[in-house]
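[1] Fold the following.
(2 chains)
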Amino acid sequence: MELYACTIEEMKEKITAAFEKSDDFDTRSFTTRSGKKVFLAFFSDITNDDQIRDNVLTPLMEAAEITDLRDILSTPGLARPATWKELIAALSKGDVLVHADGQPPCLLPLTDYKKRPVATTEVENHIYGSHNGFVEDSLTNISLVRKLIRHENLRLKEFELGKGSRTHTALLYLEGYADPGLVEEAERRIKQYRKDHLFSVGELGMVLKDHYYALFPQTLMTERPDNAAHALSQGKVIIIADNTPYCLVIPVTMMDLLQTSEENGYTVPWNLTFPRVIRFLSMIVGAVLPALYVALVAFHPELIPTTLTLTIAQSRAQIPFPAPLEALLMMVALDVLVEASIRLPSFVGQTIGIVGGLVIGTAAVEAGIVSSTMIIVIAFTAVANFTMPNWEFSSSWRLIRYGLLLAASFLGLFGLMLALCLLMIHLCHIKSFHKPFLSPLTPLNGKELTDIFFRTKNRDKGEPS
Amino acid sequence: MTTGINTKGFRSFDIFVFVYCSTVTLGVIFLPYVAEEEIRSAWLKLAVSALPYFLLLYLLHRFSRHYESRDLFKEVKVRMWTWLYGAILLYFFGSVIYSILNGLKGLTMITAVYLLPNTSEWILALTFLAAGGFAVWYGGIETITRFVVLLFFLELIVLFLLIALLFAGYFRWIYIPPVFGVGATDFFKSSISDAARYGGIIAVLGFLPFVRKDVSVGPPAIAAITFLMITYVLVAVITLGTFGFEQSLVQLSPITSLVQALTTRMGVFERLDLVFLGIWVVSFFKIYMIQLWFVFFISHKCTGSRKRWPLIASAAVIVFVLFLLTPPYIGQNLQAYNINVLIYSFVLPLFLLVFLFIRGKRA
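    Predicted coordinates:
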């Protein structure tokens, strides 16, 4: 049936048949003052009644004559669907169908999804940075970014991903900063999304990755618009998807995962250097410390200063387990605690923290199950690991810790070194959108590396250093 | 700052690091033990024995300017009799395997002596071969080069540590002036073992085709070999200056013994030698990867197969079997090994390059 040629009755029949199993689907038929028959169709729970009344019913009823709907309905974004498929899709999305007899049907975007207002960030805590966080509405998120970068070169490409969810997705980049090849590549990969639904931008991130089974994230998820804007200013591309209070930043390197944009706002340049160095060291300590402890205690006690060796030996004297098993037990206990405290409401989470700290800490030592030095090692490992500003990155190191521990348990320092070599090979191998993950460490780019850890006076003045 | 999609090919710094790192490890750890005949002028021999490799790198530089592919084997293949080309490839294959085997023997021995005395050497060898083989299969030359660049800083730290030893209280300058108690023949003969320390440089033949076409090969490669020579000379000077001639001869790894002397009376680690050995394991892993990748490169030239894992696994298995069948490091005929290293890393490439230049001129 030709869409533009169908009568009110035919339209009503077709539309009702398409949505007959949806109880929240509403249709209205009425005759205007000018005697024209009009048919309206919409989903009542995702459209705004007031807007329908003000933007559709009132103008239509008050019009003396209806020759063209576009002259009467002034709603921005009014569109005429070309096909039935397009019409059905728009209705499912929340548009309102207005069909006046003898005229082509019109679609009005009067969607009114319930959304929460812009709120403070919940995961990425900070000291001085902006308190605005992304919300679940993609348009709001885009506006938050546009508020930070008001330049005409901030470009946006839109996509509708997922045959079922039809999620609005936007790719943003700053022309002149972002590599055109990168933008093209990102666009190409986004278009390769074939799943029926897209409920989270992370699902898209899985498709965008260069290496699917890699241990480390190749995209950065941030809930902070200032982080996103900072990434744009560095020539990166961000992807915003509806229903996700996060955006994806690509490409990403290990160094990107160790810094926050807030640090660029510090007035003392050394305050940028110090936390980044600390984080870098914490990353290494958080991954290696338990394995190194096991290698030293179980295989090479001669490496440790004599007094410390005696202290450790004393604390381990009554422990029934070998050092590797002791470390494994504690690491599992730590991860169980972390998982439990994440999933529980905050008030119970605190209780878990206290109970866990007491039971796993003091009681386990007093019962002679683990040594006090092991508690110190694991506690320090946990604290070091939590310095990572990115949760996914931090989780990757949690996994790696087990691998290193296993290697050290079997072959001591030799095994640990081999495992570290394999880890470094993996890190050297990963790329994010063709950009090496370890860049600018390797391939070496001295200027970029310096920029990460030091802020020069010229750079702050906006001059080349 | 813009985020560029990575451009293909290696840069000058990569060449520098690759040449340096493909050679440095084993040469340092046993210095000057392998120079069995005469070590009183070890540091001078190390400097002298680098000279032929300067010539080789200069010729490689000329070659890379004349031949766009920068692939020595490819260019030789089209200009040489097939049987001779095949024989040369097989010789390269066998020699690199021999070199890996020798290095592995050294590694397992040092590890068993200093780090894991209760673990069988074959377990260490198997673990090492498996891990390295996996890394080469997984990574390829691009990843290996990035890894090497990353480790270069580690090598520098070790180097600075060694320089610090010059100022240790044990050092005696009296041992340093070269002693020419032997004739020129003996001097040059004993230089063979020192020249063998530069043998790792051969892997650069496989690396060159992957270098960016606009990058000049000569300057970074020659800078690397100079830096390498300085490192070796420094190590030889430090060990000789600290232990003297006689003691240096009987030390398995004088440099390790030297680091053993660096006890920290306070701090996290009491003995630095094991830390040094740990770093050295990583360093050896790097050189093993480079050599194994070069074996793969040669195998690919021989068979035409691009499948990485069967070629790498075969090479690793051959090395392991030979490891089990041959005597330990100390029991080996190192003189024969050193001569072979000199032939496959210097004489044969030199012959191939001269051959190419002559054929090129005739053409």
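
[2] and the stretch 151-300 of chain A, which residues reach chain B?
    A:177-179, A:181-182, A:185, A:234-236, A:251, A:299-300 (CB under 8 Å from any CB of the partner chain). Heads up, the C-betas are built off the backbone N, CA and C, glycines and all.

[3] From those residues, keep the buried residues only.
    Listed as buried from those are A:177-179, A:182, A:185, A:234-236, A:251, A:299-300; burial here means 16 or more other CB atoms under 10 Å in any protein chain shown.

[4] check contacts around residue 61.
    Because you didn't say which chain, this covers chain A. Residues in contact with A:M61 (CB atoms under 8 Å, 6 or more residues apart in numbering or on different chains) are A:32-33.

[5] not what I meant, chain B
    B:216-218, B:221-222.

[6] could you redo the last one with a cut-off of 6 Å?
    B:217-218 (CB atoms under 6 Å, 6 or more residues apart in numbering or on different chains).

[7] and the gap between it and chain A?
    For B:H61, the distance to chain A equals 22 Å [CB to the nearest CB, to the nearest Å].

[8] swap in B:F207?
    Taking CB to the nearest CB, one finds B:F207 at 15 Å from chain A.

[9] got it, and B:V149?
    4 Å.

[10] neighbours around that residue, how many?
    B:V149 is flanked by 23 other residues according to other CB atoms under 10 Å in any protein chain shown.

[11] what do you get for the one 10 residues further on?
    Other residues near B:L159 number 17, with proximity taken as other CB under 10 Å.

[12] circling back: name the member of the buried ones among the residues of the stretch 151-300 of chain A next to chain B with the shortest distance to chain B.
    Closest to chain B out of those is A:G235 (4.0 Å), distances taken as CB to the nearest CB.

[13] Tell me how many other residues surround B:A164.
    By other CB under 10 Å, neighbour count at B:A164 equals 11.

[14] how near is it to A:F134?
    52 Å (CB to CB, to the nearest Å).

[15] A:L257 too?
    18 Å.

[16] Please apply the same query to A:L325.
    Distance from A:L325 to A:F134, by CB to CB: 44 Å.

[17] Between those two, which has more neighbouring residues?
    Legend: neighbour count by other CB under 10 Å for A:L325 and A:F134, higher for A:F134 (26 against 14).

[18] my hunch is that the more buried one is in a helix, does that hold up?
    No. Membership of A:F134 in a helix is not supported by DSSP: H, G, I helix; E, B strand; the rest coil, which gives coil.

[19] Run a quick check on it versus A:N141, I expect a contact.
    Yes. Assessed by CB atoms under 6 Å, A:F134 is found in contact with A:N141 at 4.7 Å.

[20] number of nearby residues for residue 288?
    No chain was given, so I picked chain A. Residues near A:V288, counting by other CB under 10 Å: 23.

[21] that's the wrong chain, I wanted chain B
    26.

[22] With the one 10 residues further on instead?
    Other residues within reach of B:I298, judged by other CB under 10 Å, total 25.

[23] looking at it, it is touching B:F93, isn't it?
    Yes. Using CB under 6 Å, B:I298 is in contact with B:F93, at 4.9 Å.

[24] quick one on the thing from earlier: so which of the residues of the stretch 151-300 of chain A next to chain B sit within strands?
    If you go by DSSP state E, these have nothing in strands.

[25] Please tell me how far A:I278 sits from chain B.
    Separation of A:I278 from chain B (CB to the nearest CB) stands at 18 Å.

[26] so what's the backbone phi/psi at that residue?
    phi -60, psi -40 (degrees, to the nearest 10).

[27] repeat for A:I239
    When quoted as degrees, to the nearest 10, the phi and psi of A:I239 stand at phi -120, psi 120.

[28] likewise A:E158?
    According to degrees, to the nearest 10, A:E158 has phi -110, psi 150.

[29] bridging residues for the residue lying closest to it once chain neighbours are set aside?
    Excluding its sequence neighbours, the residue lying closest to A:E158 (CB to CB, 6 or more residues apart in numbering or on different chains) is A:A170, at 5.4 Å. A:A170 has these beta-bridge partners by DSSP bridges: A:E158, A:I240.

[30] so what's A:A170 up against?
    By CB under 6 Å, 6+ apart, the neighbours of A:A170 are A:142, A:156, A:158, A:240.

[31] 10 Å instead?
    Neighbouring residues of A:A170 by CB atoms under 10 Å, 6 or more residues apart in numbering or on different chains: A:138-139, A:141-142, A:145, A:156-159, A:190, A:238-242, A:247.

[32] Next one, pLDDT for it please.
    Here, the pLDDT recorded for A:A170 equals 96.

[33] ok, so what distance separates it from A:V201?
    10 Å.

[34] got any residues that touch both of those two?
    A:138, A:141, A:238-242, A:247.

[35] Among these, pick out the one closest to A:G94, please.
    Distance to A:G94 across these (CB to CB) is lowest for A:D242, with 11.9 Å.

[36] how close does that closest one get to A:P443?
    Taking CB to CB, one finds A:D242 at 37 Å from A:P443.

[37] who has more neighbours, those two?
    Taking neighbours as other CB under 10 Å, A:D242 and A:P443 compare with A:D242 leading, 23 against 20.

[38] wait, what's in contact with that one?
    So A:D242 contacts A:113, A:115, A:136-141, A:160-161, A:165-170, A:198-199, A:201 (CB under 10 Å, 6+ apart).

[39] Okay, and which of the residues you listed map to strands?
    A:160-161, A:167-170.

[40] Please indicate which of the residues you listed are buried?
    Buried among these (16+ other CB under 10 Å): A:161, A:167-170.

[41] just the contacts of A:A170 now: which is nearest A:P59?
    Checking the contacts of A:A170 one by one against A:P59 (CB to CB), the nearest turns out to be A:L139, at 24.9 Å.

[42] what about that closest one, how many neighbours?
    Neighbour tally, A:L139, other CB under 10 Å: 14.

[43] For it, which non-adjacent residue is spatially closest?
    A:H168 (7.7 Å).

[44] Tell me how far the one you found lies from A:K147.
    According to CB to CB, A:H168 stands 19 Å off from A:K147.

[45] could I get the shared contacts of A:A170 and A:V201 as CSV with pLDDT and distance to A:F280?
    Formatted as CSV, the shared contacts of A:A170 and A:V201 follow (pLDDT from 0 to 100; distance: CB to CB, whole Å):
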residue, pLDDT, distance to A:F280
A:S138, 93, 34
A:N141, 94, 30
A:I238, 96, 25
A:I239, 97, 27
A:I240, 96, 30
A:A241, 95, 31
A:D242, 93, 36
A:C247, 95, 25
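
[46] and the residues you listed, which two are the farthest apart?
    A:I238 and A:D242 (14.4 Å).

[47] can you give me the helices in the stretch 151-300 of chain A?
    A:180-191, A:201-208, A:225-233, A:270-294 (DSSP state H, counting those that start in this stretch).

[48] Looking at the stretch 1-150 of chain A, what residue ends up closest to chain B?
    Closest point on the stretch 1-150 of chain A to chain B, by CB to the nearest CB, is A:I149, at 15.5 Å.

[49] Could you check how many residues crowd around that residue?
    Neighbours around A:I149, by other CB under 10 Å: 16.

[50] Quick check: pLDDT value at it.
    Note on A:I149: pLDDT of 93.

[51] repeat for B:V28
    64.

[52] phi, psi of A:A79?
    Here A:A79 shows phi and psi, under degrees, to the nearest 10, equal to phi -140, psi 160.

[53] list the contacts for it?
    So A:A79 contacts A:70, A:86-87, A:90, A:95, A:105-109 (CB under 10 Å, 6+ apart).

[54] can you redo the residues you listed as JSON lines with secondary structure and pLDDT?
    Output for the contacts of A:A79, formatted as JSON lines (DSSP: H, G, I helix; E, B strand; the rest coil; pLDDT from 0 to 100):
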{"residue": "A:R70", "secondary structure": "helix", "pLDDT": "82"}
{"residue": "A:E86", "secondary structure": "helix", "pLDDT": "89"}
{"residue": "A:L87", "secondary structure": "helix", "pLDDT": "90"}
{"residue": "A:A90", "secondary structure": "helix", "pLDDT": "89"}
{"residue": "A:D95", "secondary structure": "coil", "pLDDT": "90"}
{"residue": "A:P105", "secondary structure": "coil", "pLDDT": "90"}
{"residue": "A:C106", "secondary structure": "strand", "pLDDT": "91"}
{"residue": "A:L107", "secondary structure": "strand", "pLDDT": "91"}
{"residue": "A:L108", "secondary structure": "strand", "pLDDT": "90"}
{"residue": "A:P109", "secondary structure": "coil", "pLDDT": "89"}
